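Undergrad: I would like to see how this sequence folds:
(chains A and B)
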Protein chains: 2
Amino acid sequence: MKEEIAQLDRHNCIEDCILELFSSSDRALSIEREIDAIAEEFLRRDRISTNLDLGSIVEQFRESQISAETSDLSSYLKDLTENVVLHSINTYSPRYIGHMTSALPYFVRPLGKLMTALNQNVVKMETSKSFSLLERQVLGTIHRSIYDFAEDFYQTHIQKNESTLGVLTTGGTLANLTALWCARNFVLGSKEGFTGIENEGLTAAFNAYGCEGAAIIGSQLMHYSFDKAAGLLGIGEKSLIKLPVDRDRRLNLSALRQAIQTCRDRGQRIIALVGIAGTTDCGAIDPLLEMAEIAQEANIHFHVDAAWGGPVIFSPQHREKLAGIEMADSVTIDGHKQLYLPMGIGMVLFRNPYLAKNIEKCAPYTIRKDSIDLGKRALEGSRPGMVLFLQAALKIIGKKGYEFLIDEGIRKARYMADCIRKQAEFELLVAPEINILLYRYIPQPWRQKVAAGQITELDNQKLDRFNECLQSLQLQTGRTFVSRTTIEIDGRPTIALRAVLANPLTTESDIDAVLEDQLKIAAQIPTNDEEVCR
Amino acid sequence: MKEEIAQLDRHNCIEDCILELFSSSDRALSIEREIDAIAEEFLRRDRISTNLDLGSIVEQFRESQISAETSDLSSYLKDLTENVVLHSINTYSPRYIGHMTSALPYFVRPLGKLMTALNQNVVKMETSKSFSLLERQVLGTIHRSIYDFAEDFYQTHIQKNESTLGVLTTGGTLANLTALWCARNFVLGSKEGFTGIENEGLTAAFNAYGCEGAAIIGSQLMHYSFDKAAGLLGIGEKSLIKLPVDRDRRLNLSALRQAIQTCRDRGQRIIALVGIAGTTDCGAIDPLLEMAEIAQEANIHFHVDAAWGGPVIFSPQHREKLAGIEMADSVTIDGHKQLYLPMGIGMVLFRNPYLAKNIEKCAPYTIRKDSIDLGKRALEGSRPGMVLFLQAALKIIGKKGYEFLIDEGIRKARYMADCIRKQAEFELLVAPEINILLYRYIPQPWRQKVAAGQITELDNQKLDRFNECLQSLQLQTGRTFVSRTTIEIDGRPTIALRAVLANPLTTESDIDAVLEDQLKIAAQIPTNDEEVCR
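TA: A predicted model of the protein is given here:
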C-alpha cells in the first residue's frame, strides 16, 4: 500500500513536471530570460573560440547514459553555457573570415523563436496552410529575380498545383541533388514500352534508351555534393566527369566540347551539365553563357550551382559575371550563405515549372494527388516553415540591401588582395573573382626565391607544411580566423589560406588585424625544424 | 553633381540601414518584443485555423516581385501577422489530433532563438567545434537507449573519428535514405576487381556481383520515403517489394520468407529488409523480432523505420512492442514526432559504427580525411546545430518524462477507441496498437447494415464520400481536427478518419469534443444527395 502511494506520488510529480513544460508559466518566462542572456553573451564575445585544446574538450562529451529523471532547467543551462556554448565558434566575429558563415541580421533571431513557436510542417496544407502558399510565393520571387519571365507566367504558375517554380531545401547539397534527380528522371523518362527510370531503375533505363551508362559533366571544382549525387543516383562517381579549369579556375570550354563528344561516342547519356557560379574554394564563376549555349545546342539539362554566388544577381554592378544563369534549366542558391539567413536554408529553382513532376510521389495518409501539398515534389518530407526567414529578409533587406552587401564583400576582398600583394610576407595565389581569395605566407628564407619564381618542389612542400601549421595555430589561438584549402597550381596540389569576405561587420582594419595576427603567429613557427608543426 | 550627391546619400542610407540590421540596438529590442507578441498571440489561439476558404487565401500569395527598397520592419510584421500567421495551423491545439504534430515544451522556443543566434554549422569542426562533439555524444545516448551495448563500446566509439553511431538529419525521409544508401553501398561494395557501387554505379555493380537487379523488402505500409529512396538510389520503385499485411496491419511473415526466396531465385540482390515501428497510417508495429531473425539468417541488412514509434523504447510498460529493434542494423527515429522537438529533426542510428564509412566523402576546402568533421558521412552538407533541442529534451524531459508521454498517448488513444465503440454513429476501423486509430462516421441510414455486416460496395462508396466530406468540412470549420487516409479493408481501399493522440495537452474532454464536433458537422451533410460534398 505504502509502495503504491509512493509510486502514485512519483507519477503525479512527473505528470505535473511534464505538463508544466507544455504550458506557459512564470517559470517559462524566467527560463526564457536565462536563455536570452546566453545568446547575448555569445553575441558580445570577442574571441573566435576558446584556446583550450580539442583533446580536453572532447573529454567533456563522452557520457552516453541518458538521464532517467527530468533534470532542472537551470542546471541544464549552466552546463550548456559552460561546456557547449563556450566552446562553440563565434561565427559573427568580423575577424572570422575563413568560411561561408557570417554575422546575421538581428531579426532572424526572434524569427527563429517565432518559427519554433508556430511549428508548421509544410509537407502538407493541413499542417501549414498559409506557410505552404508563402513558400511557393517566395520561391516565385527568387525565380523571377533569375529568369525574369513575364507577369503572366508568374500569375499562372506561382500557386498552381501542377507547377513547381522551386523547392526549398536545407541547403545546397539537397538542392543540387534534387535538380539532378529531376534531370535524371526527365532524361531517362517514360516512353513507349518503358515506364521511366524512377520506376524501373537504371539498368532498365539504359536498356530502354540503348545507352552505355550516363554522365554528369562539370569542372573539377564542382562541390562535393555532386559526388554524393552521382553516387546516390546510381550512376556512380566515376560517371561524374570533372573537366580541367583554366588559370582563372573557370571550366575549360574546349574540354567541355570534347567531353560531350566522347560521351556521345561511348553511348553515355548526359544527365546534366553543371556550371558553377562561385566555386567553394575561391569563388570562381564558370563561363555560364557559353556553357548554356553549348548545353542548348546539345540538348542537355544545364544546372547552375549558384549556392554561393547566386545573390550576385542583385548587384547591377556585378551581375554581368553571372550572365547565362537565366538560361539554366535549374539553379541552386543557398539562403544561409549570401542571403544572410540562418543555417539550413537552400533552394533549387526550375526554368520549366513542370520539371519537378518527374520526382512526384503521393501517399494516402498525407500527400494527396489533387492537393497543393509541398511534400509531393521534394526530397524531404516533413519540414519546417523556414521560408519565414527568406520572406523576411527579401522584404527587409530587399534588392538594394543585397546589392550593398554583395558590392561591399567584393570591395573588401579586393582590398585584402591589395594588402597581400603589397606585403612580401604573403603571396596571392588566386585573386578574388568575387569575395573569396587564396594566398599563402612565405617565410623569410623563401621570399627571394618566390619573387624570382625559383621555387622547387621541396620548397613547396615546406611552404605547404608551414601554412598548414600557421592556419592550425591561428584557429587554436582563437583571435582571428581564415580557412585553408588545397588547390592545383601548375598541376601541383598546393596548400592555400582562404579568406571569405562576406561579414558586413568586417572592416578594413579587421582585415589588417587578421593579416597582422598571421605575421605574429608565423614569427613563432621555426622554419628550420620540419617536425615542429606535427 | 547634384545627382551624384543624391546617389551618395542613397548609398549612405542603405549602408546605415543594413549595418543597423547586423548590430544590436534599441530598435532590435523593440522588434524582438513585437515578434514575441506575435508568437504569444498564436499560442493563445483557440481555433485550429481561420475558416476563410482556401481560394481567397491563395489570392494573397500571388505577388512575385521582390521589393527593391529595404522595407520597414513594423509594416513587414503587420503583414506577417495579418496574412501569414493568421492563416497558419494551430498545431498546439489539444483538439488538433489529426497529424503527427503537437504542442511542444516551452523551452524549445527560446532555444530556437539561441540556435539561430549561435548559427553553428556542424558540417565542420571549424564552424561548430563543441556542437559537432555534442551531436556525436547525443546520438550516442540514443544509440545506447536502443542497443544498450557495454560502457566500453561507447567509450571507444562515441568520439572516435572513424566511428559513426548515428547521423542527425532533418527528418525520417533523409534518415531512411541515409540508411539505405549505406546498406546499398555495403551490399554492393568493393571487391576484387571492383571499386564498389558508389564509384562505378549500379550496372557495373550488378555485373561484378553477377546479380539481376536489387530489391528492398518491406510491408505495403512502408512510408513513401522508401519509394523516394528506391527511385533515387537507382534500383527503381519497382524493386521496392511491398508485402501484404495481416489484419492487424503487421507484415505477413510467410510472405516475407517467400519474397526472399523469390529474390534469390531471380538473382536479385536484397539491399535491405525494412521493419516498421509505427506505420504512418495507424501506428502498427511489424513483428520486428521475427523479421530480425529472418534477416540475420538470410544475412540481409535489417532497417527499422521507427520514425514514429521509436520513443516507445522509453516506456517499460510498452517497449516490449518494439522487441527486436535492438537487432536492427539501422534505426530511424524522428525528433519532431514523439520526442516533442521542433520540425526538422530526424536521425538514423547504426549498430555497426563503421557502416557509414560506405558513404564517406571528402573535399579539400572543407572536409578533410583526418578531421572529425560531421559533413563527411552524411547526406547533407552544411546544417545547423539542431542537436541543441535534442540534448535539452533528453536532459529536461528525460527517460521518465518520455515514458509518461508515451504511456499517456496510448491510454488516450484507447479511451478514444472506447468512445467510438460505444457510439452507433461511428465505426472503429483499426484499434490503436499505440496511439493512432482509424474510424469512420456511419450516417443513420447505414447503421443497421454496418451492425449486421451487410454493407455493399455501393454503400461503401457512399460512406467514403460522406467521410471525405466530413473531414474537409471539419478542417474548414476550424474548431477541431482529425486527418483522413485510405486503408485497405478486406481488399477494398476505404476512406478512414485518423486520430493521432500525442499532444500532452489533449484531455478526455477534448477527445469528447472532437467527436461531438463531428456529430454536429455530420448532421449538416445530406445523405441523399451525392453531389453535396463535391
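
Undergrad: A:Leu438 against A:Thr279, yeah?
TA: No - A:Leu438 is beyond contact range of A:Thr279, at 10.7 Å (criterion: Cβ atoms under 8 Å). All C-beta atoms are positioned from the backbone trio N, CA, C, and that covers glycine.

Undergrad: A:Ile38: what's its closest spatial neighbour, skipping adjacent residues?
TA: Once flanking residues are discounted, A:Ile38 sits nearest to A:Thr81: 5.5 Å by Cβ to Cβ, 6 or more residues apart in numbering or on different chains.

Undergrad: domain parsing for chain A?
TA: Structural domains assigned to chain A are A:2-90, A:173-334, A:401-523, following automatic domain parsing.

Undergrad: closest point of the stretch 201-350 of chain A to chain B, which residue?
TA: Relative to chain B, the nearest point of the stretch 201-350 of chain A is A:Gly234 (2.0 Å; Cβ to the nearest Cβ).

Undergrad: look up phi and psi at the residue lying closest to that residue once chain neighbours are set aside.
TA: Spatially, and ignoring its direct neighbours in sequence, A:Gly234 is nearest to B:Gly234 (2.0 Å; Cβ to Cβ, 6+ apart). The phi/psi pair for B:Gly234 (degrees, to the nearest 10) reads phi 90, psi -10.

Undergrad: look up how far A:Gly98 lies from B:Gly234.
TA: From B:Gly234 across to A:Gly98, the span is 37 Å (Cβ to Cβ, to the nearest Å).

Undergrad: out of the two, which sits in the more crowded spot?
TA: More crowded of B:Gly234 and A:Gly98, by other Cβ atoms under 10 Å in any protein chain shown: B:Gly234, with 28 against 23.

Undergrad: quick one: least confident helix or strand in chain A?
TA: None of the helices or strands of chain A scores lower by mean pLDDT, DSSP states H and E than helix A:2-21, at a mean of 77.

Undergrad: which SSE is immediately downstream of it?
TA: Following helix A:2-21 in sequence order, the next helix or strand is helix A:26-43 (DSSP states H and E).

Undergrad: on contacts alone, who are the packing partners of that following helix?
TA: Applying 3 or more Cβ pairs under 8 Å, 6 or more residues apart in numbering or on different chains; DSSP states H and E, one finds that helix A:26-43 contacts helix A:73-79, helix B:108-118.

Undergrad: most packed of these?
TA: Burial of these is given as mean neighbour count (mean count of other Cβ atoms under 10 Å in any protein chain shown); helix B:108-118 ranks first at a mean of 26.

Undergrad: for that one, name the packing helices and strands.
TA: Looks like helix B:108-118 contacts helix A:26-43, helix A:108-118, helix B:387-396 (3+ Cβ pairs under 8 Å, 6+ apart).

Undergrad: the last one packs against which elements?
TA: The reference is to helix B:387-396. Contact here means 3+ Cβ pairs under 8 Å, 6+ apart; on that basis helix B:387-396 packs against helix A:73-79, helix B:108-118, helix B:130-147.

Undergrad: distance between the shortest one and the chain's centre?
TA: By that I understand helix A:73-79. How far helix A:73-79 lies from its chain's middle: 32 Å, per Cα atoms, centre = their mean, to the nearest Å.

Undergrad: got the contact list for that helix?
TA: Helix A:73-79 is contacted from outside by A:Arg27, A:Ile31, A:Glu34, A:Ile35, A:Ile38, B:Phe107, B:Ala392, B:Lys395, B:Ile396, using Cβ atoms under 8 Å, 6 or more residues apart in numbering or on different chains.

Undergrad: what residue ranges in chain A score low on pLDDT?
TA: A:1-11, A:365-369, A:528-534 (pLDDT under 70).

Undergrad: 90 instead?
TA: By pLDDT under 90, the weakly predicted segments of chain A are A:1-14, A:24-28, A:51-55, A:66-74, A:362-375, A:490-491, A:526-534.

Undergrad: going along the chain, name the strands of it.
TA: A:166-169, A:214-219, A:240-243, A:269-276, A:302-305, A:330-334, A:346-350, A:426-430, A:436-441, A:483-489, A:492-500 (DSSP state E).

Undergrad: how distant is the last one from the center of its chain?
TA: On the basis of Cα atoms, centre = their mean, strand A:492-500 sits 19 Å off its chain's mean C-alpha point.

Undergrad: can you list the strands that that strand pairs with?
TA: Strand A:492-500 has the following strand partners under DSSP bridges: strand A:436-441 (antiparallel), strand A:483-489 (antiparallel).

Undergrad: and what of the fourth one?
TA: Strands that pair with strand A:269-276, judged by DSSP bridges, come out as strand A:214-219 (parallel), strand A:302-305 (parallel).

Undergrad: I'd say A:Gln220 and A:Ile241 touch.
TA: No - counting by Cβ under 8 Å, A:Gln220 stays clear of A:Ile241, with 9.6 Å between them.

Undergrad: higher neighbour count, the two?
TA: Remark: of A:Gln220 and A:Ile241, A:Ile241 carries more neighbours, 23 against 15, as counted by other Cβ under 10 Å.
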